[in-house]
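Q: Using only what follows, build the 3D model:
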Amino acid sequence: MQFGWGRRLPVTLQAEAAECGLACLSMIAGFHGQHSDPGALRRRHGFSLKGATLKDVIAVADRIGLASRPVRLEVDELRLLRLPCILHWDLSHFIVLKAVRRGGVTIHDPAEGVRRLSMADLSRHFSGVALELTPTGGFEPAAAPPRIRIRALLGRITGMRRSLAQLLLLAFALEIFALLAPLFLGLTVDQAIVSADRGLLLTLAIAFGLLLLLQTAIGVLRSWMLITLGASLKVQARTNLFSHLIALPATYFETRHVADVMSRFDSQDTILQTLTTDLVVAILDGLMCVVTLIVMFVLAPTLATVALVGAALYALLRWSFYMPLRQASAEAIIWAARRDSHFLETMRGVKTIKLFNGQQDRRAHWLNLLVETTNRQLITQRLNLVFRTANGLLLGFLGILVVYLAARMIFQNVFSVGLLIAFIAYKDLFVRRVSGLIDTFVELRMLSLHAERLADIALTAPEPAGDPRPAAARQTPIGIEVRDVSFRYGPNDPLVLDGLDFRIAPGESVAFAGPSGCGKTTLLKLIAGLLEPTSGTILVDGEPLARLDPQTWRARIGVVMQDDSLFAGSIADNIAFFASGADPARIEDCARHAAVHDDIAAMPMGYGTLIGDMGTVLSGGQKQRILLARALYRAPGLLLLDEATSHLDMAREREVNDSLKKLSPTRIVVAHRPETIMASERVITFRKGKIASDERREGVMDEHTGQDHRLPGGRGLHVA
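A: Numbering: from 1, shown residues only. A predicted model of the protein is given here:
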């Protein structure tokens, strides 16, 4: 069944890896009149990277005023559904079913866009579950969100208006020369050739030759200004966007693929090209269209009307190709990003791929992505080819018709050959400019595709800035207090941490223990300011962490996480984190505390040894100790260590722990090894997001069995 004649089903593509259900709800809500900004919908009802179940989708639908009816059915029963509806796809995805027709269906896939499938293709993907959605009394229609402002996408750019004004003046001068060229042709034929006036012919040649030189000089100046303006704007805009990108919360990057972020970032180039070059040209094209049309009507009103009708037909032809081209371009961009994601993932995991003999599988998968990307690009090229062919035929017949009508006028002695040549030149100029103006208008409309992709970066709020006042000196040990802190990754996810309460005194050494997945690393991220508590407060020396500026806070702490990375450069650069004016003596001292100095000194280039972004010339233990030295170089008041010595043998780990005991900062260690936990003064054990026990050097939860093992040293306080 199909209801809602005249309403359009929008296409909402997922920005995050696991928000297909949310994108489907956005499309259906938009169909019924509730148009929402996908970013705002994500912030209110977003799912975590783990994805969403059908139950989660139904819960969000209920909150936005859509009644749900889950249905189990066969493929041949899809025509009985109330459309549009959501289908479960490949047992791990949601799509929107738009229409069911004889022999096939039309779907809106949040991952790929609009697709048309045969029933055979549909049956291979459809999981047998559909979700009908209808508005309830609480459903509130909402107008489409306001258009994205270019200023928000590009940031603050200086010198743009002045440069564009100068470009317009130079380009306007060039257009004057373009208007004079047909006049030269007409005068040459009607005045010089017909009367055989050699003197006039020479005068005209010299005059227009000088104009040609002036035109060339102005053209070179205009082109150079365009190049320098484009370079200047690109540097400013890219700097603004990159600065904003790295200021986004860590959760933004955890829910997106790297290549997709790169693709969105590169969308800015298309916007800049359109706003600098194409927009200036469009303004001039519009002016020239008016001027040349007036000249044409003065010379021959009938022929000018024919040219105007041809321009109108071109506009209709161009607009008819707009939506198919936009959809094809969007799909091509999405598939290219997937192909690049697979490539980057393969390069980073090539060692694992070789160990598991996965080369052929990875190559086959990459080839499939390449073919899909190429097919989408071929669709775009085919549409452009069809358009160019139709356009060529249209303009060709228009030229023939104009010459035919003009020739008849010459036979009737109401038109001269010189005027015919001049008119054809003006007609060609008019057609070029009006087609350029229409093309630019379509390109501006297409710009929304890139603007929407770029908006996922530019309009995402950066980390909240707190009080930038410097607190205590960085070397001062920091006290931490956690008050009734709970945390969940998404509004519909279960609590990872539930009502935590504890205090860590300045200079204290504390180990977080417990089974894997009980929330230890998440709590470390909360203390580091990478995540914000769902509820509760974290205090730093008695002051709420939320009030502190993130950069000020992180300048006071040293952190080693499980997935930390080294960067391309020397070992010394990595320890000092590429700080300008790094202190070699301090670098060596930190390496000694991390028990890695002897390893580095044994290398041929010592601290100047170059390493890759994944530290491939280092062993796992060496990499961990260099990461620890990097954390120590900051002279932190708080050390957060997440399995920072898991790759070390027991003797080396004991050496590192003994060295760290001599330092003054407060230490919080996440570990599973009893030896690592024994090096701490206090052990807080977690189970299922709650504190199971808080003890001093005794009581540790076995990571595999969850049983309590007593360590020698005294009595412990059990917190039920």
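Q: going forward, measure contacts and count neighbours with C-alpha atoms only.
A: Will do.
Q: in the stretch 601-720 of the chain, what spans have low per-residue confidence?
A: For the stretch 601-720 of the chain, applying pLDDT under 70 flags the ranges 613-616, 697-720.
Q: One more pass at 90, please.
A: Residue ranges of the stretch 601-720 of the chain with pLDDT under 90: 604-606, 609-622, 634-635, 643-665, 671-681, 688-689, 692-720.
Q: where do the strands sit along it?
A: For the stretch 601-720 of the chain, applying DSSP state E, counting those that start in this stretch gives strands covering 610-611, 638-642, 666-670, 682-687, 690-695, 700-701, 708-709, 717-718.
Q: Within the sheet, what are the partner strands of the first one, with directions?
A: Applying DSSP bridges, strand 610-611 is found paired with strand 569-570 (antiparallel).
Q: Quick check, residue 134 in contact with residue 66.
A: Yes. Using CA atoms under 8 Å, residue 134 is in contact with residue 66, at 5.3 Å.
Q: Looking at these two, which one has more neighbours?
A: Comparing residue 134 with residue 66 by other CA atoms under 10 Å, the one with more neighbours is residue 66, at 24 against 18.
Q: domain parsing for the chain?
A: Using automatic domain parsing, the domain parsing of the chain gives 20-135, 150-458, 562-635.
Q: can I get the strands of the stretch 601-720 of the chain in a markdown table with distance to residue 481 and mean neighbour count?
A: Below are the strands of the stretch 601-720 of the chain laid out as a markdown table (distance: least, CA to CA, whole Å; neighbours: other CA atoms under 10 Å):
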| stretch | distance to residue 481 | mean neighbour count |
| --- | --- | --- |
| strand 610-611 | 39 | 18 |
| strand 638-642 | 13 | 25 |
| strand 666-670 | 12 | 25 |
| strand 682-687 | 13 | 24 |
| strand 690-695 | 14 | 22 |
| strand 700-701 | 22 | 26 |
| strand 708-709 | 25 | 14 |
| strand 717-718 | 18 | 12 |
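Q: Switch those strands over to a markdown table; also include distance to residue 265.
A: Below are the strands of the stretch 601-720 of the chain laid out as a markdown table (distance: least, CA to CA, whole Å):
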| stretch | distance to residue 265 |
| --- | --- |
| strand 610-611 | 27 |
| strand 638-642 | 32 |
| strand 666-670 | 36 |
| strand 682-687 | 40 |
| strand 690-695 | 40 |
| strand 700-701 | 45 |
| strand 708-709 | 50 |
| strand 717-718 | 51 |
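Q: Can you say which of the ones you listed is nearest to residue 376?
A: strand 610-611 (39.0 Å; CA to CA).
Q: Look up phi and psi at residue 527.
A: When read as degrees, to the nearest 10, the backbone of residue 527 gives phi -70, psi -40.
Q: My read is that it contacts residue 537, right?
A: No. Applying CA under 8 Å as the test, residue 527 and residue 537 come out as separate, 10.3 Å apart.
Q: between these two, which one's more packed in?
A: residue 527 (23 against 20).
Q: quick one: contacts for the more buried one?
A: With contacts defined as CA atoms under 8 Å, 6 or more residues apart in numbering, residue 527 is in contact with residue 538.
Q: Distance-wise, check residue 337 relative to residue 111.
A: Distance, residue 337 to residue 111, using CA to CA, to the nearest Å: 11 Å.
Q: and if you look at residue 352?
A: The separation that residue 352 has from residue 111, given CA to CA, amounts to 28 Å.
Q: Over to residue 52?
A: For residue 52 relative to residue 111 (CA to CA), the value is 15 Å.
Q: and the longest helix along the chain, what other elements does it pack with?
A: Looking across the chain with DSSP state H, the single longest helix is helix 359-411. Where contact means 3 or more CA pairs under 8 Å, 6 or more residues apart in numbering; DSSP states H and E, helix 359-411 is packed against helix 301-320, helix 322-348, helix 417-458.
Q: Contacts for the next helix or strand after the second one, please.
A: It stands for helix 322-348. Downstream of helix 322-348, the first helix or strand assigned by DSSP states H and E is helix 350-355. Outside helix 350-355, the residues within contact range by CA under 8 Å, 6+ apart are 346, 359.
Q: repeat for stretch 486-500
A: 44-48, 56, 482-485, 518-519, 522-523, 532-536, 688-691.
Q: Give me the buried subset of these.
A: Buried positions within the contacts of stretch 486-500, assessed by neighbour count (16 or more other CA atoms under 10 Å), are 45-48, 56, 482-485, 518-519, 522-523, 532-534, 536, 688-691.
Q: who's in contact with stretch 247-265?
A: Outside stretch 247-265, the residues within contact range by CA under 8 Å, 6+ apart are 15-18, 48-49, 241, 333-334, 337-338, 340-341, 344, 450, 453-454, 456-457, 460-463, 530-531.
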